[in-house]
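In: Below is the sequence, then the predicted model.
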Amino acid sequence: MEKKTVLTGDRPTGKLHIGHYVGSLHNRVKMQNEDSYNMYVMIADLQALTDNARDTEKVRNSVLQVALDYLAIGLDPEKTTIFIQSQIPALSELNTLYLNLVSVSRLERNPTVKSEIQQKNFNRSIPAGFLTYPVSQAADITAFKATLIPVGDDQKPMIEQTREIVKSVNSLYGNILVEPEGVFPPEGQGRIPGLDGNAKMSKSLGNTIYLSDDEDTLRKKIMSIYTDPDHVHVESPGKIEGNIVFTYLDIFGEDKEKIKEMKEHYKRGGLGDVTLKNYLFDVLNEVLLPIRTRRELYAKDPEAVYEMLRVGSEKANVRANKTLQEVKSAMGINYFNK
């Protein structure tokens, strides 16, 4: 049976957090270890520059951090091609070609872009590269003719926009590209709230738990989590709805019966927030300990990590350039490679 091609990735603007893990990272490792898939995982540094062009050092430093997180969660460069976006020239050229097929009004209607523009307070000072980054994502996906894209729920509009571009290219120039499908987390786990109760865990909001957080940092962050503001006394009944500790336990805790019992105890009173948070610490620390340990090991040899990225980028470049030449030939602009 022919393998399906999978593409996914992250913007390097810092280390990855548990929201990334829930949103798509666990899906990547699972798919990597099945024989049905060819896996490509991209560190999207060009997309990171769309709103960090004045801080290129931040992006550069984050490339290594994201690569370490990938290796720490179990991505294997022998099974998965891990590469850096900016090292694949074909992606930028495909992006340029696709921009001619998308209107500004369509980009402005993209719900994910609208939300991020509001979050970053761009108003009308939107970097052009930021507004058009859904087209860049379409170039990334189609360059590898990826059929499956493991992402969080917030990326659904991006997948839809890619599908629109694929349809436009195929209708105008012939059946060249492949329409991708998103692979999303289980219902209710596509996005987890931040430590402060904000609907989204985000580096820019400072409400994250990083995959690399040590035990002391993890404990401090968990103890700061938003729970029920009216649960002042241990004996008082507490609310489950909107209680971030229980939200995290529902996602990461394996002992569902114990968590159910704790919810009932909390609602009737007699279960304190500190006890609840200590249990969450044990649950999350068990998840993060092997990730943290592997990360520390890989971090001792950054040169080896960069070499892995170089090899992966060379492999990805060959595949992406093949698609670029096919698209240019179909458009009639591949003048010297017929």
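Out: Great, that's in hand.
In: give me the number of residues near residue 144?
Out: Using other CB atoms under 10 Å, residue 144 has 23 neighbouring residues. For glycine as for every other residue, the C-beta is placed from the backbone atoms N, C-alpha and C.
In: Could you give the separation of the helix ranked longest in the chain from the chain centroid?
Out: Longest among the helix segments of the chain by residue count, using DSSP state H, is helix 302-331. Relative to its chain's centre, helix 302-331 lies at 20 Å (CA atoms, centre = their mean, to the nearest Å).
In: What's the mean pLDDT across that helix?
Out: Computed over helix 302-331, the mean pLDDT rounds to 97.
In: How about stretch 219-231?
Out: Averaged across stretch 219-231, pLDDT comes to 90.
In: do stretch 242-254 as well
Out: Rounded mean pLDDT across stretch 242-254 is 92.
In: Could you tell me how far stretch 256-273 lies from the centre of the chain?
Out: 32 Å.
In: got the buried residues for that stretch?
Out: 259, 262, 263, 266, 271, 272, 273 (16 or more other CB atoms under 10 Å).
In: Of the residues you listed, just say which sits nearest to residue 133.
Out: residue 259 (38.5 Å; CB to CB).
In: Find the pair from the buried residues of stretch 256-273 with maximum spatial separation.
Out: The span of the buried residues of stretch 256-273, defined through CB to CB, is set by 259 and 272 at 16.2 Å.
In: Tell me the bridge partners for residue 181.
Out: With DSSP bridges as the criterion, residue 181 is bridged to residue 148.
In: contacting residues around it?
Out: Residue 181 is in contact with 147, 148, 149, 159, counting by CB atoms under 8 Å, 6 or more residues apart in numbering.
In: Could you do residue 321 as well?
Out: Residues in contact with residue 321 (CB under 8 Å, 6+ apart) are 89, 90.
In: Tell me where the model's unsure across the chain.
Out: Residue ranges of the chain with pLDDT under 70: 1, 23, 186-190, 338.
In: tell me the domain ranges of it?
Out: Following automatic domain parsing, the chain resolves into domains at 4-192+301-331, 213-296.
In: what about the shortest one, distance to the chain center?
Out: So the one you mean is domain 213-296. 24 Å.
In: What is the end-to-end distance of it?
Out: Length of domain 213-296, first residue to last, CA to CA, to the nearest Å: 11 Å.
In: got a list of what the residue of the chain positioned farthest from its centre touches?
Out: Most distant from the centre of the chain: residue 235, at 40.5 Å, with distances by CA atoms, centre = their mean. Going by CB under 8 Å, 6+ apart, residue 235 touches 269, 270.
In: Start at 54, not 1
Out: Yep, numbering from 54; the last one is residue 288 now.
In: Report the buried members of the contacts of residue 234.
Out: Among these, those classed as buried by 16+ other CB under 10 Å are 200, 201, 202, 212.
In: Distance-wise, check the second one relative to residue 124.
Out: So that's residue 201. Applying CB to CB, to the nearest Å, the value for residue 201 to residue 124 is 22 Å.
In: and if you look at residue 229?
Out: Noted for residue 229: a distance of 34 Å to residue 124, by CB to CB.
In: When the two are compared, which one has more neighbours?
Out: residue 124 (21 against 17).
In: Count the neighbours of residue 227 for me.
Out: Each residue near residue 227 was counted by other CB under 10 Å, and the total is 13.
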